[in-house]
Structures are given as C-alpha cells and as structure tokens.
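Trainee: Make a model of this:
(chains A, B, C and D)
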Protein chains: 2
Amino acid sequence: MKIGQVATKSGLPAKTIRYYESIGLIDPAGRTSSGYRAYEEKDIQTLRFIQRSRSLGFSISEVSELLTLWNDRNRASAQVKELARRHVEEMDRKITELQSMKDTLSELIDKCQGDHRPDCPILNDFARLNNKAKI
Amino acid sequence: MKIGQVATKSGLPAKTIRYYESIGLIDPAGRTSSGYRAYEEKDIQTLRFIQRSRSLGFSISEVSELLTLWNDRNRASAQVKELARRHVEEMDRKITELQSMKDTLSELIDKCQGDHRPDCPILNDFARLNNKAKI
DNA sequence: CTTGACCTTCCAGTTACTGTAAACTCCATA
DNA sequence: TATGGAGTTTACAGTAACTGGAAGGTCAAG
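Mentor: Predicted structure coming up:
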C-alpha cells in the first residue's frame, strides 16, 4: 500500500506520516523498487493509534511513550492509566484557565455594552496598571 | 528607563519586549548615547496593554489590531466588542473541545479501572479502527 | 506518447517566544 | 585606578508539530 491510501485509512495526511517517520516516531517504511514507501495493514493500525492519541491531545512524546507501552502489553495497565490521568489533570487546568479568561473577557464586553461613550471600556481596562485584582 | 525596569513594571520579560520590537508590534525604542534602549512611562502602558491582551489569549496579530483601535478611540467601541466577541466564541469552542476530549479519556480510564486484565483497554481503544462513534 | 495523479526529497515558514554566546557599559567598592 | 558584577547589546539556534511549495521521478489510462 502506498502512502496516499494509508493516509486515507489512518486519517493522517501523507505529509504528516512522512514527518512522523522523519522524527523517529514510527519506523521507516519499506520501499518499493521505485522508491515509494510501502505499508502493510499493521502500519495503519499504528498510525490510527497515533492519530487517536493526538486527537485526544497527547503530545508527540507522550504518544511515543504510549506506543512503547502498547508494545509491552502485560505491564501497560498501571502506567497507561497514570499517563492518562496526568493528561486529564492537565486538560482540567487548561479548561479552568480558558474558562476564567473567557469570563473576564465576557464581563468586559458586558461593561462595554451598557456604556454609550465612544471609546470602549475594554481597552481602558487593558491599559490600566495593576488591573489583575480589579475584575 | 532601561529595559530591565520596564520589564519589571510591565510584567513582560526584557527578551519579549525586544522580540515585540523586532516584529514591529511596538515602535523601536529610543536609545541612550551608549546604545541602551530608553523608555518612557507611556511605553510601559503600551506594554501593559499588550501583556494584558496576551494573557487573555489574544494572538499577536489580534493585539496589533487592538493597539490600532486603542489609538483611535472614537470609533473603537463597536470594533473592539466585535473582536472580543469573536475571541470569546473561539475560547468557547476550545473549552468544548477540551471538555469532550477529557470526558472521552476519563471514560477510558474508568473502563481500565474495573478491568483486571494485564493490558489496559485504553490502548486497545486507541488502536481500534473506526472508533470515533464507539465512545 | 502524453497527461495527470501520485510519489520523492528538501527547504522554508508558521507562533510566540526562550536559550545561549560574545561583547559592551555602568556603577560601586578595594 | 582597577576590577567585579549586574545589566545591556546583537545574532543565532531551538522549541512543537506540522504545513506549503518547488523540482523532479513513476505509473496507469487513453
């Protein structure tokens, strides 16, 4: 199978698959006599695995860890859970932070709404010194 | 005022201030006779403005827009609100996406918890084809 | 035999900085 | 007056994870 078909089946752009090979995340693919990369079914599974992990927000190096664990099934469980849990915590932190940024900005927009002066209080707030505690 | 003091007062690393100058986000600072960058009070306000906008998640190019609007107060209100609203929507999308990723992963962790087989179902799920609808 | 789709490599660009190195400049103290 | 340390300058490289584009090779269909 050539890279285009693998791209379709795995959900990853061909370009990205080559990139993953270049950074050593996946083993170099075999080659046809003419130099095209040649893939097998199991490669698609690996790439799907990577695609899925990435879509869940794991970094490349975390995916690399997960791939190692995947290839060592019998002691995977605890470590995978640990990695996943840490990842969930990280996501939680990000969600909280985004939510708080959003709330702050929404409040500023509301203030601007009820205000009929030509200049927007949002910008004034941005420019004010020591505004951390004022919102 | 030299860059170090401005860094302290604005909350931005000196390095970052130089960077902002290099990409044209802020005007080049004046120089002392010996070549050090020389700043005034109003520069601190501008940098604070940038710091605050960035901390609310605006990209550099959005900050650039905001700075332009800031310098044109009388027609700022509507445009600033629009920019801010779009930004809030974008944050909402990110929050939703992160939340959904988190939920998915949490579910997988739960599945792993109640399972006493040595290999973790998380990895199996990662590797499964067409798993988009299965969670 | 040619066209077009697909493949190859390599290099550059993206975002927003951060790290590091080598070389000043300035101020205070011995 | 010398020197030491803190602060400053520039320039270059690196980060994360790709993405875009150029220039060229390959293959099947018509």
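Trainee: Assign A:Ser33 to helix, strand or coil.
Mentor: Three-state assignment for A:Ser33 (DSSP: H, G, I helix; E, B strand; the rest coil): coil.
Trainee: Run through chain A and note the low-pLDDT ranges.
Mentor: Applying pLDDT under 70 to chain A flags residues A:73-76, A:114-119, A:129-135.
Trainee: For the residue most central in space within it, which residues are in contact?
Mentor: Centroid check for chain A by CA atoms, centre = their mean gives A:Gly57 as the closest residue, at 3.4 Å. Under the criterion of CB atoms under 8 Å, 6 or more residues apart in numbering or on different chains, the neighbours of A:Gly57 are A:His87, A:Met91, B:Leu98, B:Met101. C-betas here are computed from N, CA, C, even on glycine.
Trainee: how far does stretch A:63-80 sit from the chain's center?
Mentor: 19 Å (CA atoms, centre = their mean, to the nearest Å).
Trainee: likewise stretch A:90-106?
Mentor: With CA atoms, centre = their mean, you get 17 Å for stretch A:90-106.
Trainee: go on, stretch A:68-88?
Mentor: 18 Å.
Trainee: Skipping adjacent residues, who's closest to whichever residue of chain A sits closest to DNA strand C in space?
Mentor: Closest residue of chain A to DNA strand C, CB to the nearest atom of the strand: A:Gly4 (2.6 Å). Leaving aside its sequence neighbours, A:Gly4 sits nearest to A:Ala14 (CB to CB, 6 or more residues apart in numbering or on different chains; 5.9 Å).
Trainee: so that neighbour makes contact with A:Thr8?
Mentor: No. In this structure, A:Ala14 is not within contact of A:Thr8 by CB atoms under 8 Å, at 9.2 Å.
Trainee: who has more neighbours, those two?
Mentor: Taking neighbours as other CB atoms under 10 Å in any protein chain shown, A:Ala14 and A:Thr8 compare with A:Ala14 leading, 16 against 12.
Trainee: ok, now which ones touch that one?
Mentor: A:Ala14 sits next to A:Ile3, A:Gly4, A:Val6, A:Ala7 when contact means CB under 8 Å, 6+ apart.
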